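Q: Fold the following and give me the result.
(one chain, ligands or ions: 1)
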Amino acid sequence: MTNETPKAPPLYPKSHLLAASGIAALLSLALLVFPSSEVEAKKTTLSLELESPAEQLKDESNTAPLVQTQGDQGSPFAQIDGADTNTEQAAQEAPATEKKPEAKEPGHREVTVARGDTLSTLFAKVGLPANAVHDLLASNKQAKQFSQLKHGQVLQFELDKDGELASLHSKVSNLETIRLTKTAKGYTFDREISKPVVRTAYAHGVIKSSLSASAQRAGLSHSMTMDMAKVLGYDIDFAQDIRPGDEFDVVYEQKVMDGKVVGTGNILSARFTNRGKTYTAVRYTNKQGNTSYYTADGNSLRKAFIRTPVDFARISSRFSAGRKHPILNKIRAHKGVDYAAPRGTPIKAAGDGRIELAGRRGGYGNTVIIAHGNSYKTLYGHMQGFAKGIKTGSNVKQGQIIGYIGTTGLSTGPHLHYEFQVNGVHVDPLSQKVPMADPIAKNERQRFLQQSQPLIARMDQEKATMLAANKR
Ligand SMILES: [Zn+2]
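A: This next block holds a predicted model:
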């Protein structure tokens, strides 16, 4: 005997949400998934790869007066694995006046790929015989990566005293260098992936017209702005509630290569004052390696969502993409979780929000739908009745009783049918992927505070410094 909901039609057409706000639309489910460290690593790589030159330029130009960046690492240079950067290092070590690598390293040749160039024409330019290209390509399978030439790419040749090729290397992207080195057995190929230095940066902005405009002024990239909206999206409706005069502070990770910003990492802390009310989020990775954002005050830390809206209930049916419907006898997705409990058991709002519907809805019977900010929605079906004051348009607090377990609509017994939506997409409320951050565990509270307090202090301090500077 399963308790059922006959149909799980999408509650709202996606277009509704899309129309609601650019930010809402762009906050994909993937973005909303609070990353485990593993996912995080992937995301980092991805963002670096996707960083277009234009985006980088934008990032670099981000050194607007409002942004104060503070490197926490000594070296302005990227850390490059391996001991390869002969030319660059030589150039850096040598005084600026002595800019003649040719004189210093007689075997060094450097050519820039121009239109129409092939490996053969480039070899010819540095005085290598035509068969050198063939020997090189024949010696190692991976060597042909050197024949995928890009306009403007620089090839660095090192010739030995007999004028033969000793090594060839080229930077194929900001972060990647490929190299061939002559050995007794031919050429060996290797690839170096450079790791950018990660430092923390601070940005502060005051909204004049729109969030995106002020964030851009403050030096935040588009993706950072999206991240901020995601992090604080539970508390603030970024589509509808942003007002001129609202302000924000963000401490975030910045990736730097050769003194240039090549990307951004995570938001470490964010604070947003929306219509006079201030919300704070702090990133924290617990001892199990799970990362989430928390409010600054560990003690009164509010959960993003209550994981289970009914106390002492038994899960009678889980979320599934397809299963046999007990009444319709057809394979149907079950886009929620069923909690079986005695009739009349109280049902609690999973989070703060506004009631979009408190009434009958087809097979769901008596239903409550709560919008939590502009990204999240929860639905509670088959209720016996609604709690006092629960009606369409009213606001609810997390944990507030909204109604009672019943079996209205298409249902085979008393239970709650509970759905969770992120930007119009049903997600399994029991999955670890949904932003149902449980509070900081008691035994980690100390550790949490040790990490969160300096971040909050940094935002306080930077903002004070900035305001003082602006008064001058
Ligand atoms: Zn159900």
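Q: Name the single longest strand found in this structure.
A: strand 260-274 (DSSP state E).
Q: Quick check: buried residues in that one?
A: Using 16 or more other Cβ atoms under 10 Å as the test for burial, strand 260-274 gives 261-274. The C-beta positions use only the backbone N, C-alpha and C, and glycine is treated the same way.
Q: Check stretch 465-472 too.
A: Met466.
Q: For the residue nearest to Lys125 when sequence neighbours are not counted, what are phi and psi?
A: In space, and not counting its chain neighbours, Lys125 is closest to Val111: 5.2 Å by Cβ to Cβ, 6 or more residues apart in numbering. Main-chain torsions, Val111, degrees, to the nearest 10: phi -130, psi 150.
Q: State which one residue of this protein is found closest to the ion.
A: In the chain, no residue comes nearer to the ion than His417, which is 3.5 Å away by Cβ to the ion.
Q: just to revisit the earlier point, I'd like the buried residues of strand 260-274 laid out as a markdown table, including distance to Tyr252 and pLDDT.
A: Formatted as a markdown table, the buried residues of strand 260-274 follow (distance: Cβ to Cβ, whole Å; pLDDT from 0 to 100):
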| residue | distance to Tyr252 | pLDDT |
| --- | --- | --- |
| Val261 | 11 | 87 |
| Val262 | 14 | 84 |
| Gly263 | 11 | 87 |
| Thr264 | 6 | 90 |
| Gly265 | 7 | 92 |
| Asn266 | 7 | 94 |
| Ile267 | 5 | 95 |
| Leu268 | 6 | 96 |
| Ser269 | 8 | 95 |
| Ala270 | 8 | 94 |
| Arg271 | 12 | 94 |
| Phe272 | 14 | 94 |
| Thr273 | 18 | 95 |
| Asn274 | 19 | 92 |
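Q: now, among these, which is nearest to Gly289?
A: Nearest to Gly289 among the buried residues of strand 260-274, counting by Cβ to Cβ, is Asn266 at 14.3 Å.
Q: what residues are up against Ile236?
A: 229, 242, 272, 274, 279, 373 (Cβ atoms under 8 Å, 6 or more residues apart in numbering).
Q: so how far is Arg191 from the last one?
A: Separation of Gly373 from Arg191 (Cβ to Cβ, to the nearest Å): 44 Å.
Q: With neighbour numbers in mind, choose between those two.
A: Gly373 (22 against 12; other Cβ atoms under 10 Å).
Q: who touches the more buried one in this structure?
A: Residues near Gly373 by Cβ under 8 Å, 6+ apart: 233-238, 353.
Q: Tell me the residue in this protein that is farthest from the middle.
A: What lies farthest from the middle of the chain is Asp162; by Cα atoms, centre = their mean that is 52.4 Å.
Q: Could you confirm that residue falls within a helix?
A: No. Asp162 is assigned coil when assessed by DSSP: H, G, I helix; E, B strand; the rest coil, not a helix.
Q: How about the backbone phi and psi for it?
A: phi -90, psi 0.
Q: all strands of the stretch 51-200 of the chain, in order?
A: Shown for the stretch 51-200 of the chain, the strands assigned by DSSP state E, counting those that start in this stretch span residues 68-70, 108-112, 154-159, 165-173, 176-183, 186-193, 197-206.
Q: Buried deepest among the ones you listed, which one?
A: Of all the strands of the stretch 51-200 of the chain, strand 197-206 has the most neighbours on average by mean count of other Cβ atoms under 10 Å, namely a mean of 21.
Q: Render the CA-only coordinates of the helix or strand that that strand is followed by in CSV, please.
A: Following strand 197-206 in sequence order, the next helix or strand is helix 211-217 (DSSP states H and E). Only the C-alpha atoms of helix 211-217 are listed here, as CSV (Å, rounded to 0.1, in the frame of the first residue of the first chain):
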residue,chain,number,x,y,z
LEU,A,211,22.4,44.6,-8.9
SER,A,212,24.4,43.6,-12.0
ALA,A,213,25.4,47.2,-12.7
SER,A,214,26.6,47.8,-9.1
ALA,A,215,28.3,44.5,-8.9
GLN,A,216,30.1,45.2,-12.1
ARG,A,217,31.2,48.6,-10.7
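Q: Between strand 260-274 and the helix or strand following helix 211-217, find me the angle.
A: Scanning forward in sequence from helix 211-217 by DSSP H and E, the next helix or strand is helix 222-232. Note on geometry: by axes from the mean of the first three to the mean of the last three Cα atoms, to 10 degrees, helix 222-232 and strand 260-274 are set 40 degrees apart in direction.
Q: How far does helix 222-232 sit from its chain's centre?
A: Taking the mean of its C-alpha atoms, helix 222-232 sits 8 Å from the chain's own mean (Cα atoms, centre = their mean, to the nearest Å).
Q: Put the alpha carbons of it into CSV.
A: Output of helix 222-232 as CSV, limited to C-alpha atoms (Å, rounded to 0.1, in the frame of the first residue of the first chain):
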residue,chain,number,x,y,z
HIS,A,222,29.0,38.1,-13.7
SER,A,223,29.6,34.6,-12.3
MET,A,224,30.5,36.0,-8.9
THR,A,225,27.3,38.1,-8.9
MET,A,226,25.3,35.0,-9.7
ASP,A,227,27.1,33.1,-6.9
MET,A,228,26.2,35.8,-4.5
ALA,A,229,22.6,35.7,-5.6
LYS,A,230,22.7,32.0,-5.1
VAL,A,231,24.3,32.1,-1.7
LEU,A,232,21.8,34.6,-0.4
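Q: all numbers from here: first residue = 2
A: New numbering, starting at 2: the last item is helix 223-233.
Q: and the angle for the following helix or strand past that helix with helix 223-233?
A: Once helix 223-233 ends, the next helix or strand along the chain (criterion: DSSP H and E) is strand 248-258. Here strand 248-258 runs at an angle of 130 degrees relative to helix 223-233 (the same axes, to 10 degrees).
Q: which neighbours does strand 248-258 have in its sheet, and in what orientation?
A: When pairing is defined by DSSP bridges, strand 248-258 lines up against strand 198-207 (antiparallel), strand 261-275 (antiparallel).
Q: what about the closest residue to Gly404 other than its chain neighbours, how many residues close to it?
A: Counting by Cβ to Cβ, 6+ apart, Gly404 lies nearest to Met384, which is 4.1 Å off, once chain neighbours are set aside. Residues near Met384, counting by other Cβ under 10 Å, number 26.
Q: Over to Val251?
A: A count of nearby residues for Val251, using other Cβ under 10 Å, gives 26.
Q: Look up the residues forming beta bridges with Ile316.
A: Tyr340.
Q: ok, it touching Ala342?
A: No. Applying Cβ atoms under 8 Å, one finds Ile316 not in contact with Ala342, separated by 10.4 Å.
Q: Of those two, which one has the most company?
A: Legend: neighbour count by other Cβ under 10 Å for Ile316 and Ala342, higher for Ala342 (19 against 15).
Q: Now the more buried one: closest residue in space that isn't a chain neighbour?
A: Ala314 (4.0 Å).
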